[in-house]
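> my questions are about this predicted structure, shown below with the sequence.
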Amino acid sequence: MESLAKRRLVIVTGRSHPALAADVAEKLGVDLTEANLREFADGEIHCRFDESIRGAHVFIVQTHGSPVNDSLMEQLIMIDAAKRASAKSITAVIPNYGYARQDRKTAGREPITAKLVADMLQTAGATRVLSVDFHSGQIQGFFNIPVDHLVAAPVLEDYLKANANPRELVVVAPDAGRVKVAERYAQHLGCDLALVHKTRPHGVANVAVARHIVGDVDGRHCVLIDDMIDTAGTIVAACDLLKAQGANEIWVMATHAVFSPPAVDRLFNAPISRVIVTDTLPLGPEKRFEKLEILSIAPIIANAISAIFDDASVSDIFGGENLL
């Protein structure tokens, strides 16, 4: 039987967000293992670990950031390398899960690419997946291996408790799909809840129309909470509607800051006082602006990795409230 003293924890990072992996490794008190990633002249990716990982519990940290296909393929190659190097277990740590929005068919002849990604990760050799704030809970069901779903709520709630008055707050769900999550925030903070009713034109990507607000936002401090900001069209439309309904101050919070153009311009010019995001995705200088504040997700990921390595409960970190 394997003794805890003989177990070995190995953290490996891809090239999509090495700063986050370094923060996680530092909090765990381990050094990053070098994957020696390089590319051939035609763009093929090659990987070779610096040290033996035979019998080790390997955690491969790679957020699926832009370009998503490169990030995903790089992680698959690292997983395959770890499997062929006889790692005892291989956990794919994916702070931002790529293709998460393609989790179902919305029209005929469409793929379910989130399921395809799950199949590829398992085929490559992942024995467990750890991710933060899935776009929808059903993605967990796409896997036949354990999936640990982390939530950024503790980080975002701590920020609100330190920087806002709960008696003045209204937590706003940007659409019906986020009502359950927004309601949990409202319960933890002891504040009111509102909902933006929106529709999406059929067959058009990255377009949403905010129709009306359900709830009292007049003269209130509104906090819109979403899992992802991509082009920011949805969130800015909701903010415009909140302002028209008399909202006094508007903050926007999200776990994944994709910030595809023209997101930065939209957010900067919108009636928003603060945009608070986590660092599940790298944010270069071109994606930073005056209203932006970035919170670290590394402590939550490090705690989850530690729990998995120690065969402890990940759900206990969140009081059992890490389900969508």
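Everything's here; your move.
> test my guess that V171 contacts Q187.
No. With contact defined as CB atoms under 8 Å, V171 does not reach Q187; the gap is 9.3 Å. Where you see a C-beta, it was placed from the backbone N, CA and C, and this is true even at glycine.
> what's next to the longest helix along the chain, contact-wise?
Scanning the chain for the helix with the most residues, using DSSP state H, yields helix 68-84. For helix 68-84, the surrounding residues in contact (CB atoms under 8 Å, 6 or more residues apart in numbering) are 12, 14-16, 35, 37, 45-49, 53, 58, 60, 62-65, 90, 92, 94, 98-99, 117, 120-121, 124-126.
> are any of those residues buried, and which?
12, 14-16, 35, 37, 45, 47, 49, 53, 58, 60, 62-65, 90, 92, 94, 98-99, 117, 121, 124-126 (16 or more other CB atoms under 10 Å).
> the residues you listed in strands, which ones?
Residues from the buried ones among the contacts of helix 68-84 lying in strands, with DSSP state E as the criterion: 12, 45, 58, 60, 90, 92, 94.
> need the residues you listed in a markdown table (columns: pLDDT).
Output for those, formatted as a markdown table (pLDDT from 0 to 100):
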| residue | pLDDT |
| --- | --- |
| V12 | 98 |
| I45 | 97 |
| V58 | 98 |
| I60 | 98 |
| I90 | 98 |
| A92 | 98 |
| I94 | 98 |
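> give the buried residues for the longest helix of the chain.
So, applying 16+ other CB under 10 Å, buried residues of helix 68-84: 68, 70-82.
> run a quick neighbour tally on G137.
By other CB atoms under 10 Å, 12 other residues sit near G137.
> show the model's pLDDT score for it.
Listed pLDDT for G137 reads 89.
> was I right to think it contacts L323?
Yes. Between G137 and L323 there is a contact at 6.5 Å, judged by CB under 8 Å.
> any residues in contact with both of these two?
Joint contacts of G137 and L323 (CB under 8 Å, 6+ apart) are H149.
> circling back: what about V171 and Q187, which has more around it?
V171 (26 against 12).
> contacting residues around R7?
57, 309.
> for K88, see how far away it is.
R7 sits at a distance of 8 Å from K88 (criterion: CB to CB, to the nearest Å).
> now for these two: what residues contact both?
With CB under 8 Å, 6+ apart, R7 and K88 have common neighbours H57.
> quick one on the thing from earlier: among the buried residues of helix 68-84, which one sits closest to D311?
Nearest to D311 among those: A82, at 19.8 Å, using CB to CB.
> so what's the closest one scoring on pLDDT?
Reported pLDDT for A82: 98.
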